[in-house]
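Chemist: This is a predicted model, with the sequence first.
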There are 2 protein chains.
Amino acid sequence: MNANGRITAHDVAKLAGVSQSAVSRVFTPGASVAPATAAKVKVAAKTLGYRPNPLARAMITGNSRIIGLVVAYLENQFYPVAIEKLSHALQAKGYHVLLFMASNSDGEMERLTEDLLAYQVDGIITASVAISNDVTRRCSDAGIPLVMFNRGQPESGISSITSANALGGRKVARFLVAGGHQRIAHISGWQGASTGRDRARGLVEGLAEAGQEPQAIIDGMFNRDTAAAAARQLMDAPNPPDAIFVGNDHMAFAVMDALRGMDLRVPFDVSVVGYDDVPMAAWGAYDLTTVRQPLLRMVDATLDTLLAQIDDRDRAAQNLEIDAPLILRGSARRPEGDDDAGF
Amino acid sequence: MNANGRITAHDVAKLAGVSQSAVSRVFTPGASVAPATAAKVKVAAKTLGYRPNPLARAMITGNSRIIGLVVAYLENQFYPVAIEKLSHALQAKGYHVLLFMASNSDGEMERLTEDLLAYQVDGIITASVAISNDVTRRCSDAGIPLVMFNRGQPESGISSITSANALGGRKVARFLVAGGHQRIAHISGWQGASTGRDRARGLVEGLAEAGQEPQAIIDGMFNRDTAAAAARQLMDAPNPPDAIFVGNDHMAFAVMDALRGMDLRVPFDVSVVGYDDVPMAAWGAYDLTTVRQPLLRMVDATLDTLLAQIDDRDRAAQNLEIDAPLILRGSARRPEGDDDAGF
DNA sequence: ATTTATTTTGCATACGCTTGCATTAAAGCA
DNA sequence: TGCTTTAATGCAAGCGTATGCAAAATAAAT
C-alpha cells in the first residue's frame, strides 16, 4: 500500500507469496501462469481490493485503453444520443472515453490535438461535422487510428462511417416526387461537409431521374437560425415550394417552427422532410418524416473499424456507408396507395 | 525519442544541453529555474515539439488532471448542454474529461466506480439524477472530491449544486394561482431524487400559501412515457386540472404531445409549466413556460466547488442552490396585467 | 532413473516523469 | 576581495506496472 492508500501489485505479491511479476502476469491475458499461483494471486487481489493501475500500464505498453471522442455542438440531438451509444459500446469493450469539446477557435484546436496525443489515446473518434480537416490530419499523421463518425473526407485516407447520404437524398427525392410535389426545395446541410454535400447531391440526382430539378438550394449550415431564415425566404418568394427537404432533423425542426410562425400548415401547405431520425422527430409536436441514420449499426461499425485499426496499425482506411431507410410520418404528404413502396 | 516516436524530456535535455530534471522544472510551475535555461529549454522543446507526458506525470504526482464525468440518459437535452458547458469550462482550466455513461445494471455500476478510482481522476462530477447513492458514497469514501450536479443528497456530506428547486416550485405555484388556475396538478420528477422531491414540495408549499392544494401529484419518473400516461390519466378524469406543473422540460414536452393527441389546446384547455428551460423549450413547437436552471452559473459553481475541494481535500462539503427564474412563454395562461411581477 | 523439452517464476530493467538532496554557481554583503 | 546566503542545477530514487531473460520447477520421453 503506497502513501496514497492505493493497493499495488507488490502488496498483492507479498500476501500471495509470489513475485510482483507473477501478479502482473495474472492480470495480463495470455501470460504464462500456473493455475495454482493464479488462484492464489486472485484471492489475494480480491481480499486487498487490488486493480492494476491503468496509467502505469499505459506507460509501458503504450496502450491507454482510452479513446478520444471529439464532439462539437451537442444541441443537435443526434450527437448526444450517438455519444451515449458510443460510450456504452466502448465501456463494454473495456475502453474509456476521453471527451473533447471542439470549439472553433484555432488555438483551441491546436491544444486539442496536442492533448489527444499527450494522453496517448489508443484511437480517436470524431463525431461532429464541424471538425476541421486539420485536426483529423494531424492525429492521423501522428499514427493514431482515427475514424470519422457521420462525416466522410473523400480521398483523405481516413476511415469514416456515414449513412448512405447520397442514396438517402435520392430516396427523399423519389418519395416527394411520388407524392406529387412539383416544387421541391432543399435547405441543405453545410456544404463544407461531405454529409451536407452528399445529401444535396442525392436529392438533385433523384429529382433528375424524374425530370425535375430543385426549385432552390440554400445552405442551412446545420444551424437553426440559418435554416429558419432560409425557410422564410423560400416561402415568401412569389412561387413558394410545395416541399422542403432539410439537411438534418435539427434544422428541420427550426424550419417547421418558422413555417408555423408564418401560419403555414405542414404538410398541407408544404411538406417537410428531415434527415437523421433523432428521437425528437417522432415526438408529437413535429412528427417528422425523415431518413433514419441507423445509429446502432453506425456505432458498431465505427468501433469495429477503429478497433481493427488499433489492432493492426497499418490496415487500410475504410469508408463505410450504411443504408438509411426513409421513415414516413406526418410532416410530408404521402403518395396515395403505396405507402411502403420502399424508396 | 523513444521507440514509439514520442519525444521525451531526455531528448529536449540533450538538445538544450541541460539535465532532464531541468526540463521537468521548466514545465513545472513554481519550480526553480534560471530564466536563461528556461529559455533554452523552451526553444528546444518547441523545435522538437515536446510536451510532458501527462500519464507519467500523473503516476508521480497522483494528479491526473482528469475529471470523471458521470452521466446517464442523454435524451433529456438538459444534460448534453450541461456536458458541453462543463467540458468547455474544464478544458479551459487545463482539465480533461473522462466520460462515463452510467447504465443502471448493478454490475456496471460496480465497474464504473472501480474504473473511476483506477484512473486516478482528480475529481468527479455526477450529472444525472439517476445515479445511485452507492456510487457517490464509494467515490467520496475513496477520498476523491465529488460534486453532484443537479442533484442533492441531504446530510450526505457530499457537495452538490442545484437550482433552488423548492423555491422554483413555489414560484410556479404563485404564478399559476395568480393566473387564476383552480385545479393545479403536478406530474413530478422522480421522487427518489431530491430534485424531484424539492420541486414538488415547493409547489405544495406555494399552493398552501394561497390556500390551495394540488389536485393530484403523479410521479413521472423523469420519463417521457410515464409522464405522457400521467397526463392522459389526469385529463381523462372527471374533473381534469386546468394547469399541470411538470417536473422537468423533458417530461413537459411529452405531456404537451399527449395533450395535443387528446385534442386539448395549450394553454386554453390546460396550462403547462416545465422546469429547466432547455433550449428546446424556446422552440416554436412547444413555447414552454418554465423555470430556468441557470446553466452557466451552475457549471461555474460546480467547478469552483470541485476545484476547491481538489485543492484542499478536507474542505467541508458545500450544498449550493442557485436561484432559478421563471420564464414566461406561451404554454401557460398568464395573470392579467402584471406580467413580470417576479414570482 | 536420467535426459530433454516445456512451463513457471523471479530478477532486473524500462516506461517518462517529479522531487528530495547534495552540489555548484550566482549574488549579497562587509 | 573573501565569506555567507540564496538560487540553480544535476543526481538518483522512485511512481506501479510489463516483459525479456535466465534460472528453477515440472512434465514428457527414453
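Modeler: Nice, I can see it. Since the model is a prediction, treat every value here as computed from it, not as a measurement.
Chemist: Skipping its backbone neighbours, what lies nearest A:I217 in space?
Modeler: A:H186 (4.6 Å; Cβ to Cβ, 6 or more residues apart in numbering or on different chains). For glycine as for every other residue, the C-beta is placed from the backbone atoms N, C-alpha and C.
Chemist: A:A324 now?
Modeler: A:S163 (3.8 Å).
Chemist: What's the first helix or strand after the host helix or strand of A:A229?
Modeler: Remark: A:A229 resides in helix A:224-236, with elements defined by DSSP states H and E. Beyond helix A:224-236 on the C-terminal side, the first helix or strand identified by DSSP H and E is strand A:243-246.
Chemist: check whether that next one contacts chain B.
Modeler: No - counting by Cβ under 8 Å from any Cβ of the partner chain, chain B has no neighbours in strand A:243-246; the shortest distance is 14.6 Å.
Chemist: A:V26 contacts A:P35, correct?
Modeler: No - using Cβ atoms under 8 Å, A:V26 is not in contact with A:P35; the gap is 10.5 Å.
Chemist: between these two, which one's more packed in?
Modeler: A:V26 (23 against 7; other Cβ atoms under 10 Å in any protein chain shown).
Chemist: which residue sits closest to that one, ignoring its sequence neighbours?
Modeler: A:V41 (4.4 Å).
Chemist: for the helix holding A:A229, which positions count as buried?
Modeler: A:224, A:226-231, A:234-235 (16 or more other Cβ atoms under 10 Å in any protein chain shown).
Chemist: With stretch A:29-40 instead?
Modeler: For stretch A:29-40, by 16+ other Cβ under 10 Å, it's A:33, A:37-38, A:40.
Chemist: would you list those in TSV and tack on secondary structure?
Modeler: Below are the buried residues of stretch A:29-40 laid out as TSV (DSSP: H, G, I helix; E, B strand; the rest coil):
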residue	secondary structure
A:V33	coil
A:T37	helix
A:A38	helix
A:K40	helix
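Chemist: of those residues, closest to chain B?
Modeler: For the buried residues of stretch A:29-40, the minimum distance to chain B (Cβ to the nearest Cβ) is 20.2 Å, reached by A:A38.
Chemist: Distance of that closest one relative to A:G17?
Modeler: 13 Å (Cβ to Cβ, to the nearest Å).
Chemist: Run through the residues of chain A sitting next to DNA strand D.
Modeler: A:2, A:4, A:6, A:8-10, A:20-21, A:23-25, A:27-28, A:31, A:50-53, A:56-57, A:59-61 (Cβ under 7 Å from any atom of the strand).
Chemist: Among these, the buried ones, what's the PyMOL command?
Modeler: The PyMOL command for the buried members of the residues of chain A next to DNA strand D (criterion: 16+ other Cβ under 10 Å) is given here:
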select buried, chain A and resi 6+8+9+23+24+25+27+50+52+53+57+59
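Chemist: A:Q77 is in contact with A:V278, isn't it?
Modeler: Yes - using Cβ under 8 Å, A:Q77 makes contact with A:V278 at a distance of 4.2 Å.
Chemist: and for those two, which residues touch both?
Modeler: Common neighbours of A:Q77 and A:V278, counting by Cβ atoms under 8 Å, 6 or more residues apart in numbering or on different chains, are A:249-250.
Chemist: These two: which is more packed in?
Modeler: When neighbours are counted by other Cβ under 10 Å, A:Q77 and A:V278 differ, and A:V278 comes out ahead with 28 against 21.
Chemist: picking that back up, counting contacts, what elements does the helix or strand hosting the residue nearest to A:I217 pack onto?
Modeler: Counting by DSSP H and E, the element that carries A:H186 is strand A:184-188. Where contact means 3 or more Cβ pairs under 8 Å, 6 or more residues apart in numbering or on different chains; DSSP states H and E, strand A:184-188 is packed against helix A:165-178, helix A:194-209, strand A:216-219, helix A:224-236, strand A:243-246.
Chemist: if we go to 7 Å?
Modeler: Applying 3 or more Cβ pairs under 7 Å, 6 or more residues apart in numbering or on different chains; DSSP states H and E, one finds that strand A:184-188 makes contact with helix A:194-209, strand A:216-219, helix A:224-236, strand A:243-246.
Chemist: who's in contact with the nearest residue to A:A237 once chain neighbours are set aside?
Modeler: Leaving out its chain neighbours, the residue that sits closest to A:A237 by Cβ to Cβ, 6+ apart is A:A216, at 7.9 Å. Going by Cβ atoms under 7 Å, 6 or more residues apart in numbering or on different chains, A:A216 touches A:185, A:234, A:241.
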